[in-house]
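Coordinates only, no sequence provided:
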């Protein structure tokens, strides 16, 4: 992941939302040190819930608009270069964590425990933002685009807010790439919580909460193993949701990746806190919500 590439993509005003979504996925895979990304078209198609032909058509559009250059190699996936970035090969995605020390009064003592640390949630790493020029922003993008600005304003004594935010992400994810998206999901919720409920020792609270998130990730619950028949039923029901809402008036902007995750969780666990109603819902109630009988 390249934060430089993602930040650049967020600033681009692209009318076609599919063009923008594909460009964002390529930026998400961008390697600053190599100077290109190389996700397969099938992978991109799977991530944006589109066909490979649709991805090919929109990549061609992005090339014509000057956002991308493609380097093709026989029997290998394409390499996607973003001319506008013009990055040095040694540039890295996140700030150098040792470059600027954090102010001493904001270094959290290991014995400090927050009494108001919010628990892990089950939100998706993609969050729909309506009425915005950027229709979809991931939690990672929210952290760097909006929450960083809020953090700078509300913690003025911190010397380098960008460094502190990077450390929070690394702490919450336990420095594991596999946990990074979920950690950003949780930190996004933490920042929203802090904006509504002002904390006296903001940095201490954020540090304690980040450590709490990392600890929660280590507690892996036993996942219910479904039979082949149950798995097939679950997939069939999700496809019914997709068909009942796709391109139907009143259902625009649905995040089907999030819907799938929530429906599968409700199917396996009995009920979940459903994001669309903000209430407990069973798998059957989720089907009813989307008009599937």
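Nice, I can see it. If you're wondering where the values come from, they're calculated on a predicted model, not measured in any experiment.

what ranges of the stretch 101-250 of the chain fall below the confidence cut-off?
Per-residue confidence for the stretch 101-250 of the chain (pLDDT under 70) gives these ranges: 101-136, 220-226.

Do you have the helices of it handy? List them.
With helices called from DSSP state H, counting those that start in this stretch, the stretch 101-250 of the chain shows them at 139-142, 148-154, 161-172, 177-196, 202-218, 228-245.

Can I get those in JSON lines including mean neighbour count?
For every residue, glycine as well, the C-beta is placed using N, CA and C. Listed next are the helices of the stretch 101-250 of the chain as JSON lines, based on neighbours: other CB atoms under 10 Å:
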{"stretch": "helix 139-142", "mean neighbour count": "22"}
{"stretch": "helix 148-154", "mean neighbour count": "15"}
{"stretch": "helix 161-172", "mean neighbour count": "21"}
{"stretch": "helix 177-196", "mean neighbour count": "19"}
{"stretch": "helix 202-218", "mean neighbour count": "19"}
{"stretch": "helix 228-245", "mean neighbour count": "14"}
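
want to throw those into TSV with distance to residue 40?
Formatted as TSV, the helices of the stretch 101-250 of the chain follow (distance: least, CB to CB, whole Å):
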stretch	distance to residue 40
helix 139-142	22
helix 148-154	32
helix 161-172	27
helix 177-196	19
helix 202-218	28
helix 228-245	23
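
Tell me the spacing between residue 209 and residue 193.
Residue 209 is 9 Å from residue 193, where distance means CB to CB, to the nearest Å.

Please tell me how far the closest residue in space to residue 78 that isn't next to it in sequence sits from residue 79.
Once flanking residues are discounted, residue 78 sits nearest to residue 70: 5.1 Å by CB to CB, 6 or more residues apart in numbering. For residue 70, the distance to residue 79 equals 7 Å [CB to CB].

what about those two, which has more around it?
The residue with more neighbours, out of residue 70 and residue 79, is residue 79; 16 against 13, by other CB atoms under 10 Å.
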